[in-house]
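*Asks:* Fold the following and give me the result.
(one chain, ligands or ions: 2)
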Amino acid sequence: MTIHPTPFPSHAAGDHKGMPYRSLEAIRNGLDERLKVVRTAKAWMAGDGRTLILGGPYGIGKSTVACWTALHWGTRDGSVSLPIGYATGADIGMVAPWEVAKMRCWTCEFAVLDDVEGVGDRRQQVKVEQILVHRHDQGLWTVMTTNLREHKFTSFVGERVVDRLWLDGAYQWVDGESLRRKRVDGESLR
Ligand SMILES: Nc1ncnc2c1ncn2[C@@H]1O[C@H](COP(=O)(O)OP(=O)(O)O)[C@@H](O)[C@H]1O
Ligand SMILES: [Mg+2]
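*Replies:* Ligands and ions are numbered 1, 2, ... in the order given. Coordinates of the predicted model:
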């Protein structure tokens, strides 16, 4: 079963905020709904949590479903679309694009923070903590992807963030095989 391809909401048309093109392509073709990562994100969307930390190994579809969630968030109940933003952990860690990354993920109502896994990157760590605390305190929605297991994620973002996540956020680890590898081997994804 697939999630039927839906046109991008108008606010996103032609402006995908730097989202990975492979993810956009997969979204355009219709996501495979059987994937656990898709089911996890949809369950979170149906609830009233504000933050989702989506953990898992590389290639299971985290970035793709995070972008899908952002692009479809505003229309989930047929209401108006919301300002969305996308930045990677690497964007956030670097000095030069930090102002750009900040514009993308500081005040927008829905932000995807992708591939946040810069253990040992103190700059990334401090900024990610600031962003998460700010967004949480402002009641903004955030989906973050990471390959850090929960205990590593906890020490990466610090107690201040984790304490806030107890209230209306969730950390979810999803296991699975890399979809990229399946494609390379020529096996069918579906
Ligand atoms: N739900 C999905 N349905 C179909 N294809 C997908 C899905 N999620 C990901 N893919 C494909 O698998 C590739 C890897 O997914 P990606 O989201 O980049 O994984 P991760 O962020 O976990 O490393 C994508 O480029 C896309 O081609
Ligand atoms: Mg990714």
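
*Asks:* Need the residues that contact the helix or strand hosting residue 45.
*Replies:* Following DSSP states H and E, one finds residue 45 within helix 36-46. By C-beta atoms under 8 Å, 6 or more residues apart in numbering, the surrounding residues in contact with helix 36-46 are 3, 31-33, 52, 54, 56, 60-62, 65-66, 68-69, 73, 76, 143, 170, 172, 174-176. Every C-beta, even on glycine, is put in place using the N, C-alpha and C of the backbone.

*Asks:* buried set for that helix?
*Replies:* Of the residues in helix 36-46, 37-38, 40-42, 44-45 count as buried by neighbour count, 16 or more other C-beta atoms under 10 Å.

*Asks:* what's the single longest helix in this protein?
*Replies:* helix 122-138 (DSSP state H).

*Asks:* other SSEs contacting whatever helix or strand comes next after that one?
*Replies:* Sequence-wise, the next helix or strand beyond helix 122-138 is strand 141-146, with elements assigned using DSSP H and E. Using 3 or more C-beta pairs under 8 Å, 6 or more residues apart in numbering; DSSP states H and E as the contact criterion, the elements in contact with strand 141-146 are strand 51-55, helix 62-73, strand 110-114, helix 122-138.
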